[in-house]
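# What follows is a predicted protein model with its sequence.
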Amino acid sequence: MRKTRISTPIRYLINTALIVVLWVLLTVVISASGLKGEYYRGIMITIGINIILATSLNIVCGYLGQLPLGHAGFMAVGAYSGAIFMKSTPAAALLRAGNSAAVIPYLIIAVVIAAVVAGLFGLLIGIPALRLKGDYLAIITLGFGEIIRVVLTNIDSVLGFKVTYGASGLARIPKFTNFNVMYVFTVLILFLIHVFMKSRHGRAVLSIRDNEIASESVGINTTFYKTLAFVFSAMLAGVAGCLYAGYLGSLYPSTFKFMKSIEILVMVVLGGMGSMLGSIISAVVLTALPELLRSFSDYRMVVYSLALVLMMLFRPKGLMGTYDFSMGDTLERIIDRIRFGGKSRKEVQG
Amino acid sequence: MTFSLLIAQLINGLQTGSVYALVALGYSMVYGIIKLLNFAHGDIIMVGAYMVYYAIASFALPPIVAVILAVGVSTLLGVTVEKVAYTPLRSAPRLSLLITAIGVSFLLENGAQLVFGADQKSMDPMVTGSISMGGISVSYAAIVTIVVSVIAMVVLTIVVNRTKIGKAMRAVSEDMGAAQLMGISLNRTISMTFAIGSALAGIGSVLYLCAYPQASPTMGSMLGIKAFVAAVLGGIGSIPGAMIGGFVIGVLEALVAAAGFSMWKDAAVFLILIIVLVFKPTGILGKKIQEKV
């Protein structure tokens, strides 16, 4: 047992301070590296998008214990709905005029739209999909993901007017995602997931993973919580998609192939299913590594898939297992160590 | 649509459907025995197709050698994958096994991209010419495909129902523990299942090349997924079910394409899958298994 206790408000204060420090640090790195700063900024934004994608998939994959293979589909839905909304606003003109502060309200609406639309799709897909388990759930979500992609590619010919611009891609989306926007949303979403998982609803989701029948028998509405986790995960993937659209400025249905879902899954599995820290670390490493080792890029997917197989064979829990990091707990442990020296915890307790 | 066009499309559908059926059999057998959705199965077809391509287009070997090579390499690959990646995980959670299968599938796809190159390799059609029957022209390739796959299925049914190894396979899929107590070698039976499934995939790859004479690293993934849909549609674990499912999917695709929606045929296949999974998850011929607490 730890003797030192840090109260919750102080914990939040420490975490907020650290988040600000990290922001300052990254901003300094970007502005200090001159021409390369733009390049670093791009990598960091991609990392942010991948962090949101990985941690959101982790909700269903790690915490709920199911294996969905259609995460890219939700990302696509969010990306297209956010992008189509942004194109209809005067955001592009505002951005061209350098007035990025005026874009913020539009940006927030776009993100909300993306989340809601992706969430609706999550509900639509989750209700039938979550009646099934394991392989069937995997294959049905895969099917839905592919249907979303086919629809995005071909919907224009059915509607008779241009919405998604099919395979040629949706271009000239206002580029509203800058580093600060990405940073704020990443932190916000990580916080949301954290709060959700620490709430009784999050505990209910975890109990379903550990034993569905037992949790049902203690009165947890398993269908409701499975759907809730699935929809929540889909909404966050939609937000990631929206920010992705705002970063790249153009969207193609072929980006959101089955391969994309697998890439996200690799991040979650390597990091450890059920560990937010693991998802974050592997999202950072798997995004930055191929960028830093350009000559390695041909082998990227080979290494990914090999890593996936080897990880399953030798360390099926992933890098972090289900361990999650808590700044407050770590500080408490360090302070204990300082106050009570090298004594073991048992001695301190006695 | 004229009647003769409809018939022609139906025959086209049966041709693709018989390839799906052959591949679906592999999925179904493996799923029946170790409850694993073997994602790598589709990619074994891809490797088989490359073997045929290299044998015929690069080394100008006679087609029969190409077929033997494709079937041999596919079988070997299937058994190797099972031994290296799946056997160590036999007692692991199903999720780990499934993720491993996805990993193997992507390893094969990306490995093929490095070894064979990312571009599509086109070759001359192996079987050419067609026959006219009552105003409907049927290609020899379609006839060969349908006949070969029907023969393969008949042989498979005989193997499963009449031979000792077939009996062992049925026993293991029914109750692994009890089968082991009866002195059935689990490792050998499971390997044999993978070998037979992969050999069928090898035959499937040759027949696929008859219909679409080109090989690419990603050709297996969509083919594999559709074959899996066929297996689920027919009732996973059931051999006649896999055949029926394969033909249904093939014909459905051809009809959707004939109706002018060829861009939507993938969506149609998945829609069927979803409808089946929601309303009758056990498929057309599947058995209902009650989950025990």
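Looks like it came in fine.
# Just give me the neighbour total for residue B:257.
Burial of residue B:257 is recorded as 18 neighbouring residues (other C-beta atoms under 10 Å in any protein chain shown). The C-beta positions use only the backbone N, C-alpha and C, and glycine is treated the same way.
# meant to ask about residue A:155, not that
A count of neighbours around residue A:155, defined by other C-beta under 10 Å, yields 16.
# Ok, residue A:148 next?
Neighbour count of residue A:148, defined by other C-beta under 10 Å: 24.
# and the gap between it and chain B?
Distance check for residue A:148 against chain B: by C-beta to the nearest C-beta, to the nearest Å, it reads 9 Å.
# Could you give me the buried positions within the helix or strand harbouring that residue?
Here residue A:148, judged by DSSP states H and E, is contained in helix A:134-159. Residues of helix A:134-159 classed as buried: A:134-156 (neighbour count, 16 or more other C-beta atoms under 10 Å in any protein chain shown).
# Would you mind naming what in the stretch 151-300 of chain A lies close to chain B?
Taking C-beta under 8 Å from any C-beta of the partner chain, the part of the stretch 151-300 of chain A that reaches chain B is made up of A:151, A:153-154, A:157, A:213, A:258, A:262, A:265, A:269, A:273, A:298-299.
# Just the closest of the residues you listed to chain B, please.
When these are compared for distance to chain B, the smallest value, 4.8 Å, is given by residue A:154; criterion: C-beta to the nearest C-beta.
# Quick one: residues contacting the closest one.
If you count contacts by C-beta atoms under 8 Å, 6 or more residues apart in numbering or on different chains, residue A:154 has them with A:166, B:263-264.
# and what of residue A:172?
Residues in contact with residue A:172, defined by C-beta under 8 Å, 6+ apart, are A:87, A:92, A:249-250.
# phi, psi of it?
Recorded main-chain torsions at residue A:172 are phi 50, psi 50, according to degrees, to the nearest 10.
# per-residue confidence for it?
The per-residue pLDDT reported for residue A:172 equals 84.
# same check, this time on residue A:344
Looking at residue A:344, the pLDDT reads 52.
# Could you do the one 4 residues further on as well?
Residue A:348 is assigned a predicted lDDT (pLDDT) of 48.
# Likewise for residue B:291?
In this prediction, residue B:291 carries a pLDDT score of 51.
# cool, and residue B:1?
Reading off the per-residue confidence, residue B:1 sits at a pLDDT of 55.
# Once you drop chain neighbours, what's closest to residue B:244?
If the residues on either side of it in the chain are set aside, residue B:244 comes closest to residue B:234, at 4.7 Å by C-beta to C-beta, 6 or more residues apart in numbering or on different chains.
# In contact with that neighbour: list those residues for me.
With C-beta under 8 Å, 6+ apart as the criterion, the residues that contact residue B:234 are B:24, B:28, B:240-246, B:248, B:283-286.
# Within range of chain A, give me the residues from the stretch 151-293 of chain B.
By the rule C-beta under 8 Å from any C-beta, the part of the stretch 151-293 of chain B lying against chain A is B:221, B:225, B:228-229, B:232, B:263-264, B:266-267, B:270-271, B:273-274, B:277-278, B:281, B:293.
# In ChimeraX, select just the buried ones from those.
In ChimeraX, selecting the buried portion of these, with burial taken from 16+ other C-beta under 10 Å, looks like this:
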select /B:221,225,228,229,232,264,266,267,270,271,273,274,277,281
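# Residue A:258 against residue A:146, yeah?
Yes: Residue A:258 lies in contact with residue A:146 (C-beta atoms under 8 Å); the separation is 6.6 Å.
# ok, residue A:20 to residue A:184 distance?
When C-beta to C-beta, to the nearest Å is applied, the distance between residue A:20 and residue A:184 equals 11 Å.
# picking up where we left off before, which one in the residues of the stretch 151-300 of chain A next to chain B is the model shakiest on?
Within those, residue A:298 has the lowest pLDDT, namely 72.
# pretty sure that one belongs to a helix, no?
Yes: the assignment for residue A:298 (DSSP: H, G, I helix; E, B strand; the rest coil) places it in a helix.
# excluding its backbone neighbours, what's nearest it?
Using C-beta to C-beta, 6+ apart and skipping the chain neighbours, the partner closest in space to residue A:298 is residue B:114 (6.8 Å).
# Count the neighbours of that neighbour for me.
Residues within reach of residue B:114, counting by other C-beta under 10 Å, total 13.
# Now do the same for residue B:91: helix, strand or coil?
When the structure is reduced to helix, strand and coil (three-state DSSP), residue B:91 reads as coil.
# list the contacts for residue A:188?
Contact analysis of residue A:188 by C-beta under 8 Å, 6+ apart lists nothing.
# got the buried residues for the helix or strand hosting residue A:260?
Applying DSSP H and E as the criterion places residue A:260 in helix A:258-271. Using 16+ other C-beta under 10 Å as the test for burial, helix A:258-271 gives A:258-271.
# of all the residues you listed, which comes closest to residue A:162?
Proximity to residue A:162 was ranked across the buried residues of helix A:258-271 by C-beta to C-beta; first place goes to residue A:260, at 24.0 Å.
# So what's the residue count around the closest residue to the closest one other than its chain neighbours?
For residue A:260, the nearest residue in space outside its immediate sequence neighbours is residue A:72; the separation is 3.7 Å by C-beta to C-beta, 6+ apart. Here the number of neighbours of residue A:72 (other C-beta under 10 Å) works out to 28.
# Could you do the one 4 residues further on as well?
By other C-beta under 10 Å, the residues close to residue A:76 number 31.
# From residue A:143, how far off is it?
Residue A:76 sits 15 Å away from residue A:143, taking C-beta to C-beta as the criterion.
# Check residue B:284 too.
Shown here: residue B:284 relative to residue A:143, a distance of 18 Å by C-beta to C-beta.
# what do you get for residue B:211?
Distance, residue B:211 to residue A:143, by C-beta to C-beta: 24 Å.
# Ok, residue A:186 next?
Counting by C-beta to C-beta, the gap from residue A:186 to residue A:143 is 30 Å.
# what's the answer for residue A:162, then?
From residue A:162 to residue A:143 the distance is 27 Å (C-beta to C-beta).
# who's in contact with residue A:304?
Residues in contact with residue A:304 (C-beta under 8 Å, 6+ apart) are A:263, A:266, A:286, B:106, B:110.
# Quick check: the farthest pair among the residues you listed?
Using C-beta to C-beta, the two most remote members of the contacts of residue A:304 are A:286 and B:110, lying 14.7 Å apart.
# Thank you, goodbye.
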